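**Q** sequence unknown, structure follows:
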Ligand SMILES: Cc1cc2nc3c(=O)[nH]c(=O)nc-3n(C[C@H](O)[C@H](O)[C@H](O)COP(=O)(O)OP(=O)(O)OC[C@H]3O[C@@H](n4cnc5c(N)ncnc54)[C@H](O)[C@@H]3O)c2cc1C
């Protein structure tokens, strides 16, 4: 089915996570006619377990498992992508690394910091567990500090750790905010639209094919931006004949380290309020307080039944490592990757430091949860498959999401993706003058 509306669009953007939303907001703001296709739904964010389970917990769709180690990897499939369920911590981009690829994001980051809320959490929002960990880490000499958060702090509540369910208070800034602004400026958003492939005329991308409600649609535009995420984008590109997509990726594996402290009373805490990047050791250490079901999911399968009822006096720390590039995503959107010995060593080293900090804070019964992952990227790398304007070898076909990051980096990438999206939006708009 060839959609009539399609011929009127300047660009089609596939996916509404931070990468796609940022391009969309920039282009719509310049008066361009944009069609955004998003495979997930656009249901209001409720902060419920049901919502996180349906949008980020469906095995084989949003909850992917590696083949050998059954390491779980989460991604959000709905308007806003994974940012709906992210912990809203903003790290500056790896400027030096990207400059080596001809990309300077300083101007875009400066503008983003003026446009959206990015600041450390106010004192009143920092929970008792996070304070205790910060105090203990500093006593031991770690440069533990507050982290920048994508949060409207006047709406944020202490004693709440629902960031990872999708914030029900409207306090967390997500990519959906940008999508909504773009829609207000005339963008067409189609949900439940799963893009299957890019359409070409010779070497020129002219449109995309998607399925919605069991029907096939072909839509056309002058520019195509694939922003379906680190796993979604290589799947679409491979099906469209760009066979090199999906290899040698990173996914920032992490473990949680827990320890109980007598007398600690934590009802729930804002996530990732403070921590330290142990750059030379290759990992990040932060406080990360989970809602009860996620806490139980981490502790019970490790047979820590004794911990099931002690969440309110449990300190929770996350160790997230920069993993070695490797593995591949499959043509069906699966992930194939094993942790290397170097990765295991970083996790072990991180555990040792976390345990030291927790012990110094008075914690007992220290243990770690499952290894999981949450930032798949590097599957469509700049220079290998894209030029510095994020264009593929095909005319009019661009990629803008976590896939494009050319090297393992190990830090949460959202601010980088927003800046890349802004830069690409500006570049495309300039081409369309
Ligand atoms: C639990 C968790 C916590 C995190 N915490 C942080 C944090 O504190 N700070 C931070 O910076 N980062 C954090 N991240 C990572 C961050 O959320 C992601 O790196 C970021 O959202 C990736 O953006 P993206 O644009 O690459 O893709 P995504 O956010 O994955 O968005 C891709 C979109 O494309 C859609 N899509 C996929 N396939 C198709 C298709 N075929 N057709 C149409 N649409 C499709 C998806 O439904 C999705 O909406 C976290 C991630 C998770 C899961």
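**A** Now that the structure is in, tell me what you want to look at. Bear in mind that the values here come from a model prediction, so they are computed numbers and not experimental data.
**Q** alpha carbons only for contacts and neighbour counts from here, please
**A** Noted.
**Q** Surely residue 45 and residue 166 touch.
**A** Yes: if you go by CA atoms under 8 Å, residue 45 and residue 166 touch, sitting 6.1 Å apart.
**Q** Looking at the two, which one has more neighbours?
**A** Comparing residue 45 with residue 166 by other CA atoms under 10 Å, the one with more neighbours is residue 166, at 26 against 18.
**Q** From residue 96, how far off is the nearest residue to residue 176 once chain neighbours are set aside?
**A** Among residues not flanking residue 176 along the chain, residue 80 sits closest, at 4.3 Å (CA to CA, 6 or more residues apart in numbering). Going from residue 80 to residue 96 by CA to CA, to the nearest Å gives 28 Å.
**Q** re the thing from before, can you name the residues that contact the residue nearest to residue 176?
**A** Contact analysis of residue 80 by CA atoms under 8 Å, 6 or more residues apart in numbering lists 16-18, 21, 174-177, 179.
**Q** and with 7 Å instead?
**A** Residue 80 sits next to 16-18, 174-176 when contact means CA atoms under 7 Å, 6 or more residues apart in numbering.
**Q** which among the residues you listed are in contact with the ligand?
**A** 16-18 (CA under 6 Å from any ligand atom).
**Q** for the host helix or strand of residue 343, packing partners?
**A** Using DSSP states H and E, residue 343 sits in helix 341-360. In terms of contacts (3 or more CA pairs under 7 Å, 6 or more residues apart in numbering; DSSP states H and E), helix 341-360 is packed against helix 128-139, strand 253-260, strand 314-321.
**Q** hmm, try it at 8 Å
**A** Here helix 341-360 touches helix 128-139, strand 253-260, strand 283-287, strand 314-321, strand 364-368, going by 3 or more CA pairs under 8 Å, 6 or more residues apart in numbering; DSSP states H and E.
**Q** Present these as JSON lines; the columns should include distance to the ligand and mean pLDDT.
**A** Shown next, in JSON lines, are the helices and strands packed on helix 341-360 (distance: least, CA to the nearest ligand atom, whole Å; pLDDT from 0 to 100):
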{"stretch": "helix 128-139", "distance to the ligand": "15", "mean pLDDT": "97"}
{"stretch": "strand 253-260", "distance to the ligand": "11", "mean pLDDT": "94"}
{"stretch": "strand 283-287", "distance to the ligand": "10", "mean pLDDT": "98"}
{"stretch": "strand 314-321", "distance to the ligand": "11", "mean pLDDT": "96"}
{"stretch": "strand 364-368", "distance to the ligand": "17", "mean pLDDT": "92"}
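**Q** Please work out which of the ones you listed is packed deepest.
**A** strand 314-321 (a mean of 27; mean count of other CA atoms under 10 Å).
**Q** in its sheet, what does that one sit against?
**A** strand 253-260 (antiparallel), strand 283-287 (antiparallel) (DSSP bridges).
**Q** Can the helix or strand following the last one be said to contact the ligand?
**A** In the C-terminal direction, the helix or strand that comes right after strand 283-287 (DSSP H and E) is helix 292-299. No: with CA under 6 Å from any ligand atom as the criterion, the ligand is not reached by helix 292-299; the gap is at least 10.6 Å.
**Q** Can you list the neighbours in contact with helix 292-299?
**A** 256, 305, 307-308, 311, 368-370.
**Q** Most neighbours among these, which one?
**A** residue 256 (25 neighbours).
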